[in-house]
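> only geometry, no sequence info:
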DNA sequence: GAACGAAACGAACGTTCGTGCTATTACTTT
DNA sequence: AAAGTAATAGCACGAACGTTCGTTTCGTTC
């Protein structure tokens, strides 16, 4: 790994932390350069535009998300255990960055702002929803969930729980947010429990 | 109503629409002045700072939220009917502005940005959660919901459903978002149904 | 209709934004 | 160790930001 790639990665790490707090649009070349002990032009040289920087921050985050949330969950047994691992890992992910999940901040910011950043973000979110739905389907096959339950609805519901946790903990500073999210998650599973 | 109040209200109306798309921080005096056919200084004269503008946009939105969502719901019978009215009205509210619910956009933007804007926003969100919890409590009294259900947990869950709908419809452009939200809402009620 | 205050304007302020240049330093490779 | 390339700094640019100023136009009131 060359020196350039090294500092570029360091820049993206710091940029991820900043963007989790102020969003991808809130990123500025100047402040980011100051926080990485680089000149504006020195940092700018690694990217050719601000949009390219935003895209690379996004890509960097997606890679880290897969490493932290998705891949480790694949070690858990198919179906419900894997779903629980996914959710538990996501909670860790949410706490890993100072401003919480980077994608949530970006989602609200870019939902009315067309362009490649939004496109990439949408695709990553759909990938996540597909992953959840797929794990749910294998849970049906394993007999952990009702066969008539809708996997896409479950993915939608889980996404809502994640958003609710982010808001309750970040904006409202609700100390009960963690348990609230756990309760909501258990309720999500309970409503899909196979008929006993 | 004087001329000044009239244009000030017009400014706040337009600012609400803009802020629903780009957030309160994304508001700029210059573009807002252009969209209201005013000069920058002419518009600025109505407010003494950008922060004051943001606060007044927020207050303006809160008043409209009460008019559109909360007050009409009080016409519905206590308990479950009123809860359904609250949710239905909120869906209208979400569609009323071009960028969806103004508070959601602001929430993500200011969750790591201390100051009076954030403080006011937090207070309004807690008021909303309290309203939902209170309606739920009267629903328990009416025998619509299980007595052992947690009203605050319900408010948290409903908030999550709202957030999920906002994201699915705004960012992902999911045409099924509406029905997904309805299904989630019905599930919320079903899990609180009194033991039959 | 005269007089007064409110409302809007145009111009400019200092700052920061993203983005180009041109050197110069630091790595890498032979 | 020399040569060549990659990385960083320094400087400057045009534009947009929030803000202030002095001036002019408009509404309102006597």
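Nice, I can see it. All values reported here derive from a predicted model rather than from experimental measurement. Residues are numbered from 1 along each chain as shown, chains lettered A, B, ... in the order given.

> any idea how far the closest residue to residue A:15 other than its chain neighbours is from DNA strand D?
Of all residues not flanking residue A:15 in the chain, residue A:57 sits nearest, at 4.8 Å (C-beta to C-beta, 6 or more residues apart in numbering or on different chains). Placement of C-beta: from N, CA and C, glycine included. Counting by C-beta to the nearest atom of the strand, to the nearest Å, the gap from residue A:57 to DNA strand D is 16 Å.

> Tell me who's in contact with residue A:57.
A:12, A:15, A:16, A:19, A:24, A:27, A:102 (C-beta atoms under 8 Å, 6 or more residues apart in numbering or on different chains).

> Tell me which of these fall in helices.
The members of these that map onto helices under DSSP state H are A:12, A:15, A:16, A:19, A:24, A:102.

> so can I have a markdown table of those showing distance to residue B:172 and pLDDT?
Converted to a markdown table, the ones in helices among the contacts of residue A:57 look like this (distance: C-beta to C-beta, whole Å; pLDDT from 0 to 100):
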| residue | distance to residue B:172 | pLDDT |
| --- | --- | --- |
| A:12 | 25 | 96 |
| A:15 | 25 | 96 |
| A:16 | 22 | 97 |
| A:19 | 20 | 96 |
| A:24 | 17 | 96 |
| A:102 | 17 | 97 |
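
> Out of those residues, which is nearest to DNA strand C?
Using C-beta to the nearest atom of the strand, residue A:24 comes nearest to DNA strand C of these, at 10.2 Å.

> How about the contacts made by that closest one?
So residue A:24 contacts A:54, A:57, A:58, A:105, A:106, A:109, A:110, A:117 (C-beta under 8 Å, 6+ apart).

> so how far is whichever strand or helix holds residue A:125 from its chain's centroid?
For residue A:125, the host element (DSSP states H and E) is helix A:116-141. Chain-centre distance of helix A:116-141: 11 Å, with C-alpha atoms, centre = their mean, to the nearest Å.

> Is stretch A:108-119 in proximity to chain B?
Yes. Under the criterion of C-beta under 8 Å from any C-beta of the partner chain, chain B is reached by stretch A:108-119 at A:108, A:109, A:110, A:111, A:112, A:113, A:118.

> Could you count how many residues lie near residue A:62?
18 (other C-beta atoms under 10 Å in any protein chain shown).

> How about it, nearest residue that isn't a chain neighbour?
For residue A:62, the spatially nearest residue (C-beta to C-beta, 6+ apart) is residue A:124, at 5.2 Å.

> who's in contact with the one you found?
Contact partners of residue A:124, counting by C-beta under 8 Å, 6+ apart, are A:58, A:62, A:65, A:103.

> Tell me how far it lies from chain B.
As judged by C-beta to the nearest C-beta, to the nearest Å, residue A:124 and chain B stand 11 Å apart.

> just to revisit the earlier point, make TSV out of the ones in helices among the contacts of residue A:57 and add distance to DNA strand C.
Shown next, in TSV, are those (distance: C-beta to the nearest atom of the strand, whole Å):
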residue	distance to DNA strand C
A:12	15
A:15	11
A:16	16
A:19	12
A:24	10
A:102	17
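
> Could you list the residues of chain A in contact with DNA strand D?
A:2-5, A:7, A:33, A:37-43, A:45-46 (C-beta under 7 Å from any atom of the strand).

> which of those has the most neighbours?
residue A:43 (22 neighbours).

> Setting aside sequence neighbours, what's the nearest residue to it?
Per C-beta to C-beta, 6+ apart, closest to residue A:43 is residue A:33, 4.3 Å.

> Spell out which residues sit in contact with the one you found, please.
A:39, A:40, A:42, A:43, A:44.

> just checking, the second one touches residue A:28?
No. Counting by C-beta atoms under 8 Å, residue A:40 does not reach residue A:28; the two are 9.5 Å apart.

> For chain A, which segments count as helices?
Under DSSP H, chain A gives helices at A:3-26, A:29-35, A:40-44, A:50-65, A:71-73, A:80-96, A:102-110, A:116-141, A:151-170, A:177-191.

> For chain A, which residues are neighbours of DNA strand C?
So chain A meets DNA strand C at A:2-3, A:27-31, A:40-41, A:44-45, A:48-51 (C-beta under 7 Å from any atom of the strand).

> what sits against the residue lying closest to residue A:116 once chain neighbours are set aside?
By the measure of C-beta to C-beta, 6+ apart, the closest residue to residue A:116 outside its immediate chain neighbours is residue A:55, 6.3 Å from it. Residue A:55 makes contact with A:116, A:117, A:120, according to C-beta under 8 Å, 6+ apart.

> what does residue A:72 give?
Contacts of residue A:72 (C-beta under 8 Å, 6+ apart): A:85, A:89.

> distance of it from DNA strand D?
31 Å.

> pLDDT score for that residue?
Residue A:72 carries a pLDDT value of 98.

> Tell me how far it lies from residue B:149.
Distance of residue A:72 to residue B:149, given as C-beta to C-beta, to the nearest Å: 35 Å.

> Next: residue A:6.
For residue A:6 relative to residue B:149 (C-beta to C-beta), the value is 54 Å.

> Look at the two and report which has more neighbours.
A direct count of neighbours by other C-beta under 10 Å for residue A:6 and residue B:149 places residue B:149 higher, at 16 against 10.

> On the pLDDT front, check the more buried one for me.
Residue B:149 is given a pLDDT of 98.

> What sits closest to it if chain neighbours are left out?
Nearest to residue B:149 is residue B:192, by C-beta to C-beta, 6+ apart, at 4.6 Å.

> Count the neighbours of the one you found for me.
So residue B:192, with other C-beta under 10 Å, has 22 neighbours.

> for it, phi and psi?
phi -100, psi 0 (degrees, to the nearest 10).

> That one is in contact with residue B:148, isn't it?
No. Here residue B:192 does not reach residue B:148: they are 9.6 Å apart, not a contact under C-beta under 8 Å.
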